[in-house]
Structure formats: structure tokens, C-alpha cells
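Q: Pasting a predicted model and its sequence here:
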Amino acid sequence: EPAAPAEPAEPAAPEEPAEPAAPAEPAAPEEPAAMGPEMSDPETFYFITGAGEPETLDPSWTYETAGSGIENNIYEGMVWFNKDKTDEFVGVLATDWTINDAGDVWTFNIRDGVTFHEGGTLEPHDVAYSVQRALLQDRIDGPHWMTLEAFFGLYTVEDLAIGDSGKEFSELSQDELVAACEAVKAAVVADDEAGTVTYTLAAPTPWFLAMMVNSFLGAVLDQEWMVEQGAWDGSCDNWVQWHDPAAEDTVIFNVANGTGPYKLDHWTPGEEIVLV
């Protein structure tokens, strides 16, 4: 006879779930290491930066933010932003300005009674000299492709000098070099008696004021003081001597003389810059 079927086994009782383990207590955060320098003088404002340092203190050469941030405290220009607005401007060394109907000629009235840190008095010719020097100095990989485009529709002062000659810059005659300088000087003209500086551009440039807040175009130097230091003297006969210099080869590589709220005390590269 067939065997009787086995009785089905009783199902096992489910196991009680284990109690979850208590989470481990997080380790206490380590106290950050103290950073120097010691802030010991309550009359001094300290600013610690990790964004590098200037390549130079010559605003005409500068094309990076670490340098321009310092220079914009030492130097002033015609205009500055109206507080946090990037499309509104207020006069600084200019009291006001006018633009012709075509939008390519801008005339600024220069403020009276402004003194440079080293004692010189601001005059319109200082403004014109500063821009002329910047455009003629130019440099490879520098910022003046923007300014030269606005003034001449070209990207380098060498292109301006070469023109349609088909020559290399090194092959240009003295007359051709002088003509390029005279074109630059004709584009930025000071009238000390009238108290004005007039900029003549290649075409309407609505963003011209936005360019002028940059130290490479806006920063105003004292022409007489600059010449005393050995900078370009304003002559069209010799400007090439100061064209396309290395950073350390301009006379204001590590010195400064502006009209801004801060004056350079000293710069120790790799360590600190102190303004007073």
C-alpha cells in the first residue's frame, strides 16, 4: 500500500528584527589652523588674498584683476560706476562730459583742484598723456587691443604704424613711426586753457565709458613726474623706446603716483602690498 503522505511541517516563527545600531557620534571638527599675519594694529585694515598678486603696478601694462584691484585704489580716471550699477557712470576726475551726435567724439571737463600723491596738480594734458602713453606702449598679449580698436579699428599700435606699407614693424622708417605717434596724439587732445580732453574714436562706441573704468585706459598719471622718472617724454621722435616692454621694464613697475584715496607705501613681491 502506498505510504501515507507526511504531515506538513509547521512554519517557523519569524525572527524578531534586530535593533538597529545607534549611529556613531560624529568626530568633533578640528579647529582650523590660525592664519597670519597677526592683526595687532586696530588702526590698520588687513586684507588677505589668495588670488595672486600684481604682475606690475603700471596700469597701462596691467591686464589682470590682482593688479587692477590695487591700481584702482591708487589711481582715478574720468568716470566710475554708479555704485553697483554697471551701466551707469559718475564723474571722478571729470565733472561731466558730452558726446557728439555721431557718438564718436567724447569731450570731458576736467575737475579743478586735484593733487597727485607726490604733489603735482592735475591738468588736462596729464589725462591725454596717460592715454597716449598707454596706446603707444601697448604690448603683446596686453589689454590695448580693445582701446586701439575703439580709436583706430585696429588691434595693435604696430598695425597702425604699418598701415598699407606691407612692411614689418622693424622695417618702418622714422617718418612712418612718427606718423603713427601723431595719429595717437590727434585722437586724444588736451586743452589746458579750456579744461577739457577730447577723445576721437573710429566709430560710435557706446561701451566707451565701461572701458574707461579699467585702469589700463582710465588711470591718470602726472606727466611731469613720469618724465622725471624716465618715462616717455611725449615726443613722437622716440616713442618706440618705450613700446612693448617687459613688466619690470616700465618706470612704474613697483612705484605709483596717482590721485586716488590710497597711496602706495611699498610692495614686497610675494609677501605684501601696503597702501596708506
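A: That came through fine.

Q: Buried residues of the helix or strand bottoming out on mean pLDDT in the chain, list them for me.
A: Scoring the helices and strands of the chain by mean pLDDT, DSSP states H and E places strand 272-275 at the bottom, with a mean of 92. The neighbour-count check on strand 272-275 (16 or more other Cβ atoms under 10 Å) flags 273, 275 as buried. Where C-beta positions appear, they are placed from N, C-alpha and C, glycine not excepted.

Q: Neighbouring strands - and their directions - for that strand?
A: Note on strand 272-275: by DSSP bridges, its sheet partners are strand 264-268 (antiparallel).

Q: sorry, back to before: what residues does the least confident helix or strand of the chain touch?
A: Identification of contacts with strand 272-275 by Cβ atoms under 8 Å, 6 or more residues apart in numbering yields 53-54, 70, 73-74, 262-267.

Q: Measure how far stretch 201-210 is from the centre of its chain, please.
A: 18 Å (Cα atoms, centre = their mean, to the nearest Å).

Q: Same check on stretch 222-240?
A: Put simply, stretch 222-240 sits 22 Å off its chain's centre (Cα atoms, centre = their mean).

Q: how long is it end to end?
A: When the termini of stretch 222-240 are compared using Cα to Cα, to the nearest Å, they are 21 Å apart.

Q: count of residues packed around the residue nearest to Asp237 when sequence neighbours are not counted?
A: Nearest in space to Asp237, with sequence neighbours left out and distances taken as Cβ to Cβ, 6 or more residues apart in numbering, is Val178 at 6.5 Å. Neighbour count for Val178, taken as other Cβ atoms under 10 Å: 18.

Q: before we move on, back to that, farthest-separated two in the contacts of strand 272-275?
A: The largest separation in those, counting by Cβ to Cβ, is between Glu53 and Lys263 at 18.4 Å.

Q: Start from the N-terminal end of this structure and give the helices.
A: Remark: helices assigned in the chain by DSSP state H are 65-74, 124-137, 144-152, 157-162, 174-187, 208-212, 215-218, 223-229.

Q: Other residues contacting the fifth one?
A: Outside of helix 174-187, the residues within contact range by Cβ under 8 Å, 6+ apart are 128, 132, 135-136, 151-152, 157, 160-161, 163, 165, 167, 199-201, 236-237, 239-240.

Q: same check, this time on the first one
A: Counting by Cβ under 8 Å, 6+ apart, helix 65-74 makes contact with 49, 51-57, 59, 62, 117, 214-216, 219, 256, 258, 260-264, 273, 275, all of which sit outside it.
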